[in-house]
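S.K.: Test case, fold it:
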Amino acid sequence: MTYQQLFDDLIGEAPLNTVDVDRVIGRERRARRLRIGAGTTAVAAAVAAVVFGTTTLIGKPHAQPARPKPTITTVPGTNQDLDRIDAAVVAALTREEPRLTWATKGAPASKTPIWESRPGGGTTLASGYLGNGSLRIDGIDVSVRMEITRNGAPAWETVERRPCSKFAVECGERTGPHGEKIKFDRSVREQEVPPRLRDRMSSRAESASVVVLRSDGSLMSMFAGTTGEDSRLPLTVEQLTAVALDPAIVLAPLPPASPTPSSTVTTVAGTEADATRLDTALTAALRRQAAGFTWMTKWGGTDSPTPVGFAPKGRLNVDAPVLDAATFRVGDRAGQLTLRLVREGRPAWESAPPCPTAGLAGRNCAVTEGPAGERIRARQLLGDFGRRGDLHRPALSGNLLVEVLRPDGTLAYLSLTQDKPALSLAQLIEVGRDPALTLAPPPPAGAGTAQAVGPPNDAYEGAQTTAASAALEAVSPDGTIFLRTFSAGSDGLTGTRQASFVFLVQRAGLAGDGEIVVQRRLGVTVSCETVRSISSQFHERHPHGGECTESTGSDGNRVVAIVARSSGTVSYDVFVQRPDRGTVEVVLDNRPNTGATTDMPEGGDLQYVWPKGVQGGGGPPLTLDQVTELAGHPDLLNLLP
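M.R.: Residues are numbered from 1 along each chain as shown. Down below sits the predicted model:
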């Protein structure tokens, strides 16, 4: 059943007005570019305060017609399960507010339901759900967010203790029709916004939130807020409460638990004693592989008997302990090593970037089977080419990445950064296979442990950049190319949802700036109509309007190609989308260094390393067919499985 069919079944007979559904992709900006720092943190904290700050009883929820609980056959965290919840959320919102249309700020509305979602609420695909949408009611733009956490009791304890926000104009708690615990809030917030951010932030915002602890222990968090100046939120607390109580919006049941593997480890995961055990085991494994291995306090620092990494509390995570970027030396050669162990390793393995297929990157990545039945994915990464004034072809770096998926379902991840080889790929594989590097049993239920620190956000940035470089090299085998990661973050252990890369191509007397955006699960099926309404969140300045063609290949992949011309600027903008809505967009212009059709080379450190003095020509340096080939290249299209 398609997403549209799910939506139609849930919403029933359509209301008299046309319901247009559009997308929004989270509230995160590209922090690497904006460098907002404390300002962004303050805004995030303000949203959290709105969501959780409630104490007294005011108002009653909007009445709901009784509906039977749905029969759920989908598997938690899968695309089919996300589609099911998406459709239920969209249907509930539409029932509560028949006037709504769905549209991103500044973009036209689409007639196709659009809603971005991903697994959320924890470190596994089954932990919860996180969805975002953007709608328009009577001309007012509203951002909407729904989060479901399977194990909601710990979060509810925090919610229950927090007082009302000082900005609250309505705030309270009550009991739902089936014993649900409900807290709600409506707030008006005014703030001074720096001039440079006024195009992205409002000085006045009105928001409402509802948090519901259901009888099954799941926590529903519903948030809505205005995105423009001097506008009143057109959704009420009662309407949001009705959505949060809708029985169709529910997580799929967990599959039967697998037997817990026996363990000879006597320490308990998440404790200092267990972190010390892992440090000792890792040190011994490395010294067996490299005589003279020694930890260091930092780059250029002194020797240390134990590893010293960033975010030391990451070692105390029960299900995914992390030793992040610990510096070492072997003789006079130094490096930094990251170790991550993952209890639910199979989803982590499957959501990670696969080995590239093309060129130098493809020849230096392999998946093999170890003698104990392990699956081993080992790769040498391409160099960070594109230093200031330096255009060249990709070349191998000394950086290595090894993942070992063990028969018990746990995963060992090892990432090594080094200029001169201090450890080889074969040595790193043997460290990853070492049986002493194993997870301890989790603590008893209810025991206090540190779970806040997860894996580093850039865990697969090098692998993603290597794959993008491989694809660009394959499509543009001559001339010179420059590619840098623009944004490549991680959503904990559930995989990256979006990655983007900026690039420049110079060949045959032509040159142009380009950008590649890869999204694991775009909220819309792409067409000439729907791409015009895609939010600029990750597509800033992209020319989504122009001469447009669309098609569907025999493999089911959708292709939308746009040619835009304006005042001498020619740009090609191509989307290729898998049937599961995994999507690649590639945009390329003929005006390097101008930011004509992409937001490059502005922002962050890119403005200092971006090649200067490169001149364009009458058209982009790649043909439209080549840009289409790049967008559909398997190393990009399958980058986020």
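S.K.: quick one: low-confidence parts of the stretch 401-550 of the chain?
M.R.: Along the stretch 401-550 of the chain, the model assigns pLDDT under 70 to residues 445-458, 488-495, 535-541.
S.K.: And the strands in it, which stretches?
M.R.: Secondary structure of the stretch 401-550 of the chain (DSSP state E, counting those that start in this stretch): strands located at 411-418, 480-488, 498-507, 510-519, 547-552.
S.K.: Nearest to Leu622, out of those strands?
M.R.: strand 498-507 (6.0 Å; C-beta to C-beta). (C-beta placed from N, C-alpha, C; glycine too.)
S.K.: Give me the helices and strands touching that closest one, please.
M.R.: helix 461-475, strand 480-488, strand 510-519 (3 or more C-beta pairs under 8 Å, 6 or more residues apart in numbering; DSSP states H and E).
S.K.: JSON lines for these, including distance to Ala348?
M.R.: Listed next are the helices and strands packed on strand 498-507 as JSON lines, based on distance: least, C-beta to C-beta, whole Å:
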{"stretch": "helix 461-475", "distance to Ala348": "13"}
{"stretch": "strand 480-488", "distance to Ala348": "16"}
{"stretch": "strand 510-519", "distance to Ala348": "19"}
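S.K.: Return the set of buried residues in the helix or strand encompassing Ala91.
M.R.: Ala91 is part of helix 79-96 when elements are defined by DSSP states H and E. Neighbour-count burial for helix 79-96, counted by 16 or more other C-beta atoms under 10 Å, picks out 79, 81-96.
S.K.: Kindly export it (C-alpha atoms) in CSV.
M.R.: The C-alpha atoms that make up helix 79-96 are tabulated as CSV, following Å, rounded to 0.1, in the frame of the first residue of the first chain:
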residue,chain,number,x,y,z
ASN,A,79,9.9,2.8,5.9
GLN,A,80,6.5,1.0,5.8
ASP,A,81,6.1,1.7,9.5
LEU,A,82,7.1,5.3,9.1
ASP,A,83,4.6,5.7,6.2
ARG,A,84,1.9,4.3,8.4
ILE,A,85,2.5,6.8,11.3
ASP,A,86,3.0,9.7,8.8
ALA,A,87,-0.4,9.1,7.3
ALA,A,88,-2.1,8.9,10.7
VAL,A,89,-0.5,12.2,11.8
VAL,A,90,-1.5,14.0,8.6
ALA,A,91,-5.0,12.6,8.8
ALA,A,92,-5.4,13.6,12.4
LEU,A,93,-4.2,17.2,11.7
THR,A,94,-6.5,17.5,8.8
ARG,A,95,-9.5,16.3,10.8
GLU,A,96,-8.8,18.8,13.6
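S.K.: That one packs against which elements?
M.R.: helix 3-11, strand 116-119, strand 128-137, strand 140-149, helix 237-245.
S.K.: for stretch 355-369, what is the average pLDDT?
M.R.: In this model, stretch 355-369 carries a mean pLDDT of 94.
S.K.: Give me the contact list for it.
M.R.: 375-382, 394-396, 466-467, 469-471, 473-474, 633-635 (C-beta atoms under 8 Å, 6 or more residues apart in numbering).
S.K.: same question, stretch 291-310
M.R.: 279, 282-283, 286-287, 315, 323-331, 334, 336-338, 456.
S.K.: Below-threshold pLDDT in the stretch 251-400 of the chain: ranges please.
M.R.: 257-262, 384-392.
S.K.: Among the helices and strands packed on strand 498-507, which comes closest to Trp115?
M.R.: Nearest of the helices and strands packed on strand 498-507 (C-beta to C-beta): strand 510-519, 13.7 Å.
S.K.: before we move on, back to that, for Asp246, find the nearest of the helices and strands packed on strand 498-507.
M.R.: strand 510-519 (27.3 Å).
S.K.: mind listing what that closest one pairs with, with the direction of each?
M.R.: strand 498-507 (antiparallel), strand 583-589 (antiparallel) (DSSP bridges).
S.K.: tell me the angle of it relative to helix 461-475?
M.R.: 130 degrees (axes from the mean of the first three to the mean of the last three C-alpha atoms, to 10 degrees).
S.K.: Output strand 510-519 as PDB - backbone C-alpha positions only.
M.R.: Provided in PDB are the C-alpha atoms of strand 510-519 (Å, rounded to 0.1, in the frame of the first residue of the first chain):
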ATOM      1  CA  LEU A 510      34.200  25.800 -18.600                       C
ATOM      2  CA  ALA A 511      33.700  25.900 -14.800                       C
ATOM      3  CA  GLY A 512      30.900  26.000 -12.200                       C
ATOM      4  CA  ASP A 513      30.000  25.600  -8.600                       C
ATOM      5  CA  GLY A 514      27.700  22.700  -7.600                       C
ATOM      6  CA  GLU A 515      26.100  21.100  -4.600                       C
ATOM      7  CA  ILE A 516      25.000  17.500  -3.900                       C
ATOM      8  CA  VAL A 517      22.200  16.900  -1.400                       C
ATOM      9  CA  VAL A 518      21.500  13.300  -0.400                       C
ATOM     10  CA  GLN A 519      18.500  12.600   1.800                       C
END
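S.K.: got the angle between that strand and strand 480-488?
M.R.: Using the same axes, to 10 degrees, strand 510-519 lies at 30 degrees relative to strand 480-488.
S.K.: Start at 10, not 1
M.R.: With the count now opening at 10, the last piece we talked about shows up as strand 519-528.
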